[in-house]
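In: with the input below, show me the fold.
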Amino acid sequence: MNKLSICVVLFVLSYTGFSQSYDFQVIKEIEALPVVSQDNTGSCWSFSTISFLESEMIRITGTKTDLSEMYIVRSTYLDKAENYVMRQGKAQFGEGGLSHDVINSARKYGIVPSPSYMGKSTPEMKYNHSKMISELDNIVKKAVTETPKKYPNWKADYVAVLDTYMGKFDENSKIYVPNVKIDEQTTNEKSLTPKQFLATTKLNLDDYITITSFTSEPVYSNFILNIPDNFANGSMYNLPLDEFIENIDHALDKGFTLVLDTDVSEITFSSKNGIAVIPENDNDAATILKEIKTEKKITPEYRQAEFENYNTQDDHLMHIVGKVVDQKGNHYYKVKNSYGIQSGRNGFVYVSVPYVRLKAISVMLHKNGLMKKTKDALKL
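Out: Below you'll find the predicted structure:
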């Protein structure tokens, strides 16, 4: 080998040793409706899970229907208030929620298409719930302090605030839906309640489950995770960490999307760059958002410790719709965010497998997206 050839080989070897900018290739993508923004609200739980149900409708019936996130938000606020007051203020009250809150609300109040109820005065208006939440909070706290007996109109006052900021609409309101099927029969009925509309979607709300992984609970048990936003005491199934990740991959491979509840407080979660990673070396935190670096190996024990010391919390919910791979073969989940298309990678975040192993609180999915061995172990 001549000197020139040796120099070329050494140059190539030295170059490949350096970090590289991310170059992603999509390896799996499941259809979802376009990215929308939750604006100035804490309603990611509704935006992510409604997006998930929209993808479920596409998967089940091929129908693309833009569902109203704010109808679910409005309905859930009713249950949050009742829960807070009847527990005498010893419960969570705020904008946060979890994916099962959407399922619970849909089961109780139904769902509606977004054009039928937008939850704001005009389509151009941005969502901003800061004043509304402050007023709602004052009402429920007053109801607890004075007791419902001394403040008998608290529910009416509460609903009046919702009406003012979000518009009047409830489970008895009618929506226009032409030529729909109810109980396998076509009807020309043009006016349906939200529950009647839900029946046309073919969504079976009992099919949706939540899985997670914590060493503090028995494997394959169904338990209530003690996190602040779990005001409804929703339960989830506990899996070994490797099996938790395997089921996410299996679901995606089979065409099922998932709702991701995760911590986004890490400096290596960047909605701006559309990247979420866990560097092996803390000194790489400043550069890993733009350059590929080695990521940390996440054990079940480390995951549990980070949750128990509050380094992992349920900050944000998003919608997993696929997988991508970088030029070094590292896999990431393609996650639909609710910060608008100007955020991240056209509204999406590519979340690494180590990040999900460490920071994912849970995922919701259709039970048929589970591996057979997992379904058998959970007796589903």
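
In: any idea how far Ile139 lies from Lys80?
Out: Noted for Ile139: a distance of 12 Å to Lys80, by CB to CB, to the nearest Å. Bear in mind the C-beta positions are built from the backbone N, C-alpha and C, glycine included.

In: how about Val140?
Out: Val140 is 8 Å from Lys80, where distance means CB to CB.

In: now do the shared contacts for these two.
Out: Jointly contacting Val140 and Lys80 under the rule CB atoms under 8 Å, 6 or more residues apart in numbering are Phe93.

In: can you find the helix or strand of this protein with the lowest average pLDDT?
Out: Lowest by mean pLDDT, DSSP states H and E among the helices and strands of the chain is helix 3-17, with a mean of 38.

In: skip ahead from that helix and say which helix or strand is next.
Out: Downstream of helix 3-17, the next assigned helix or strand under DSSP states H and E is strand 25-29.

In: in that next one, what counts as buried?
Out: Using 16 or more other CB atoms under 10 Å as the test for burial, strand 25-29 gives Lys28.

In: give me the contact list for it.
Out: For strand 25-29, the surrounding residues in contact (CB under 8 Å, 6+ apart) are 252-253, 321-326, 331, 334.

In: which one of these is nearest Ala156?
Out: Val321 (41.3 Å; CB to CB).

In: and the closest one, what does it touch?
Out: Applying CB under 8 Å, 6+ apart to Val321 gives the contacts 29-32, 55, 257, 334-336, 348.

In: which element is it on?
Out: strand 316-325.

In: gap between that strand and the chain center?
Out: 9 Å (CA atoms, centre = their mean, to the nearest Å).

In: got the angle between that strand and strand 25-29?
Out: Calculated by axes from the mean of the first three to the mean of the last three CA atoms, to 10 degrees, strand 316-325 forms an angle of 120 degrees with strand 25-29.

In: quick check: what element follows strand 316-325 along the chain?
Out: Immediately after strand 316-325, counting by DSSP H and E, sits strand 331-336.

In: still on that earlier bit, report the two of the contacts of strand 25-29 separated the most.
Out: Using CB to CB, the two most remote members of the contacts of strand 25-29 are Asp253 and Asp326, lying 19.0 Å apart.

In: quick check: closest non-adjacent residue to Ile298.
Out: Distance criterion CB to CB, 6 or more residues apart in numbering; nearest residue to Ile298, sequence neighbours excluded, is Arg357 at 3.9 Å.

In: relative to Ala143, how far out is that neighbour?
Out: Arg357 is 43 Å from Ala143, by CB to CB.

In: those two: which has the busier surroundings?
Out: Here Arg357 and Ala143 are set side by side on neighbour count (other CB atoms under 10 Å), and the busier one is Ala143, at 25 against 22.

In: quick check: next helix or strand after whichever helix in the chain runs longest?
Out: In the chain, assigned by DSSP state H, the helix with the most residues is helix 130-150. Going down the chain from helix 130-150, the next helix or strand is helix 154-166, by DSSP H and E.
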